[in-house]
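Colleague: generate a structure from the sequence data that follows.
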Amino acid sequence: MTAAKATGTAGTTSGNSAAWRNWAGNVTARPVREVTPASVEELSAAVRKAAADGLKVKAVGTGHSFTAVAATDGVLIRPQLLTGIRGIDRTAGTVTVEAGTPLKRLNLALAREGLSLANMGDIMEQTVSGATSTGTHGTGRDSASIAAQIRGLELVTADGSVLTCSEKENPDVFAAARIGLGALGVVTAITLAVEPVFLLTAREEPMTFDRVTADFDELFTENEHFEFYWFPHTGNCNTKRNNRSAGPARPVNAVSGWIEDEFLSNGLFQAVNTLGRALPATIPAVAKISSRALSARTYTDIPYKVFTSPRRVRFMEMEYALPRAELVSALRELRTMVERSDLRVSFPVEVRTAPADDITLSTASDRESGYIAVHMYRGTPYQAYFTAAERIFTAHGGRPHWGKVHTRDAEYFSRVYPRFGEFTALRDRLDPDRLFGNDYLRRVLGD
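Modeller: Residues are numbered from 1 along each chain as shown. Modelled structure (predicted):
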């Protein structure tokens, strides 16, 4: 996998662009033109031309955000030619990768080199820049989000210049741009920490809601990576514990893996949700059956094969980061709210954790965090459920995931992020004319 070169295939520009839609289908935009640059130089030129034409600029990856963070009616930058590994520094333990590289391709390339990221989210369809810019995270007691693994980055700023930053070079930009929401410039390359590939043993096990919440602190402390799913309308959960292993590798059996990961978790789950959308009254009864469908299993494999899984059923999602000490009480409040309401929820609730980090607008910035994610099947009314859940999360000082549905604004964020003013001041310096602005950023960051 090699990066696109400045002297290679020329990028493309198209006018009268068709409507762009995100993965979930809830955000649509119609840019004036789309640009697919084949080099950083072409991207810089596209930014300068947009500014000269009085048009806004946004870069978009695979559209996995549920918000309009990447939507624009100006110039839409598509980075699919800016892909590949620029270089690997085994002494420093880093890889520098073009920003448009999908995580799936990065993981495969690293594995071929005998390397791996320390932690990652549960899907790998996003581009590296899209995932990091919105704060994509997995779960971990000690290892944090993908953005927290960044050791340096390169971005094109509003005047078309290329800015590089790290802890030593432009450290104020580095502190913020690792999760920059596309508000500070267009990220063109990212240097990530990597390590020799290792094995993880995953232990998946059904557990009751009462037990997992009562023993949560113990389960969190004893495992490097712990997460669980609670099935609304039931007292059932499915837990997953991932810990480093000396081996040997024992991958999931191909047949049983297909049954669990494709037939049950995607095919049958799709059918169950389609039934629930048509006949909501069936959801509680079906949930009691489907929540028992997955059995306990243990397997050992390289990290990306353990951390990630296919997600083919489309949905809407809201996720909030809470102080970890308040996670269980908020989850219990969520369960009580669902039980006392007329809501019918066919999707499980996902619970994960992350250690504190030092990124200005990270949901885990300066505090150990627990995450609660609520979902609804695409095409099912979700507003009442999400509104009620958000009321609980904000009462605990929650911080919404930047790429998932929420209704918070700059005034709220200024209260829950102690360094919020540092980010907006940097934005004023790097993009005073809001070349990279849009309606979403105006709401969450202010004018």
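Colleague: where does the stretch 251-400 of the chain dip in pLDDT?
Modeller: Low-confidence segments of the stretch 251-400 of the chain (pLDDT under 70): 259.
Colleague: try the stretch 101-250 of the chain
Modeller: For the stretch 101-250 of the chain, counting by pLDDT under 70, not a single residue falls below.
Colleague: what helix or strand is the residue nearest to the spatial centre of the chain on?
Modeller: The centre of the chain sits closest to residue 136, judged by C-alpha atoms, centre = their mean, with a distance of 2.7 Å. Here residue 136 sits in a region with no helix or strand, counting by DSSP states H and E.
Colleague: start the count at 842, not 1, going forward
Modeller: All set: I'll call the first residue 842, so the last point we hit is now residue 977.
Colleague: correct me if wrong: it contacts residue 987.
Modeller: Yes - Residue 977 lies in contact with residue 987 (C-beta atoms under 8 Å); the separation is 5.6 Å. (Glycine included, C-beta is placed from N, CA and C.)
Colleague: between these two, what contacts are shared?
Modeller: Taking C-beta atoms under 8 Å, 6 or more residues apart in numbering as the contact rule, the neighbours common to residue 977 and residue 987 are residue 962.
Colleague: residue 985 and residue 1193, how far apart?
Modeller: Counting by C-beta to C-beta, to the nearest Å, the gap between residue 985 and residue 1193 amounts to 12 Å.
Colleague: common neighbours of the two, please.
Modeller: Counting by C-beta under 8 Å, 6+ apart, the shared contacts of residue 985 and residue 1193 are residue 978.
Colleague: domains in this structure, by residue range?
Modeller: In the domain annotation for the chain, the residue ranges read 926-1037, 1040-1142+1154-1247 (automatic domain parsing).
Colleague: to residue 890, which of the ones you listed lies closest?
Modeller: Distances from residue 890 to each of the domains of the chain were compared using C-beta to C-beta; the shortest belongs to domain 926-1037, at 8.9 Å.
Colleague: can you map out the strands along the stretch 1142-1288 of the chain?
Modeller: Listed in chain order, the strands of the stretch 1142-1288 of the chain (DSSP state E, counting those that start in this stretch) span residues 1156-1164, 1190-1195, 1210-1218, 1240-1241.
Colleague: would CSV of those with distance to residue 1048 and mean neighbour count be doable?
Modeller: Supplementary listing: these in CSV, determined by distance: least, C-beta to C-beta, whole Å; neighbours: other C-beta atoms under 10 Å:
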stretch, distance to residue 1048, mean neighbour count
strand 1156-1164, 21, 23
strand 1190-1195, 12, 23
strand 1210-1218, 17, 24
strand 1240-1241, 27, 26
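Colleague: ranking the domains of the chain by burial, who's on top?
Modeller: Stretch with highest mean neighbour count among the domains of the chain: domain 926-1037 (a mean of 21; mean count of other C-beta atoms under 10 Å).
Colleague: which other residues reach stretch 1113-1133?
Modeller: Taking contacts as C-beta under 8 Å, 6+ apart, the residues outside stretch 1113-1133 that touch it are 1047, 1072-1075, 1077, 1079, 1109-1110, 1154, 1185-1189, 1218, 1220-1221.
Colleague: got it, and stretch 862-869?
Modeller: Stretch 862-869 is contacted by residues 860-861, 903-909, 911-912, 966, 1155-1158, 1219, 1246 when judged by C-beta under 8 Å, 6+ apart.
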